[in-house]
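K.L.:
please find the sequence and the predicted model below.
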Amino acid sequence: MSCIFCKIINKQELSGILYENNKFIVIKDINPKAPVHLLIIPKKHIPSVKEIGQEDKELLGELILVAKEFAEQKGLKGYKLIINVGREDGQIIDHLHLHLLAQ
Ligand code: AMP
Ligand code: ZN
């Protein structure tokens, strides 16, 4: 498996994991575009939103909830949640992830 996020999830690649549960990890983006820039990553390898299915409904809801709980914990008043979809619009890692950005 050559996916960098799967390697981080499986601890084959070093990374400061900020939070982990049975379905997600949260890490700091290595190349932050804002003072707070986190990535919420489902452990399930789904290449992108293009590949999600009905069976992922619950996981996707939980993805937003993890982001919300993190933002609350950090005391963020406002933030952006972004999912890039497809190489054509900026997705460079083919493992679904949610960006949390804040000032
Ligand atoms: P995307 O363009 O949505 O695919 O975003 C991928 C993000 O992952 C980029 O913002 C990268 O800076 C970030 N990134 C790539 N490799 C790593 C890594 N090893 N640890 C943390 N963030 C990474
Ligand atoms: Zn992966």
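P.N.:
Nice, thanks for sending it over. Numbering: from 1, shown residues only. Ligands and ions are numbered 1, 2, ... in the order given.
K.L.:
which strands or helices does the least confident helix or strand in the chain by mean pLDDT pack on?
P.N.:
Least confident element among the helices and strands of the chain, by mean pLDDT, DSSP states H and E: strand 17-20 (a mean of 94). Judged by 3 or more Cβ pairs under 8 Å, 6 or more residues apart in numbering; DSSP states H and E, strand 17-20 is in contact with strand 24-28, helix 57-73. For glycine as for every other residue, the C-beta is placed from the backbone atoms N, C-alpha and C.
K.L.:
I'd like those as CSV, with mean neighbour count and distance to Glu88 appended.
P.N.:
Formatted as CSV, the helices and strands packed on strand 17-20 follow (neighbours: other Cβ atoms under 10 Å; distance: least, Cβ to Cβ, whole Å):
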stretch, mean neighbour count, distance to Glu88
strand 24-28, 19, 25
helix 57-73, 14, 22
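K.L.:
out of those, which comes closest to Cys3?
P.N.:
Nearest of the helices and strands packed on strand 17-20 to Cys3, taken as Cβ to Cβ: strand 24-28 at 13.1 Å.
K.L.:
thinking again about what came up before, save the helices and strands packed on strand 17-20 as CSV, and put in distance to ligand 2 too.
P.N.:
Output for those, formatted as CSV (distance: least, Cβ to the ion, whole Å):
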stretch, distance to ligand 2
strand 24-28, 11
helix 57-73, 14
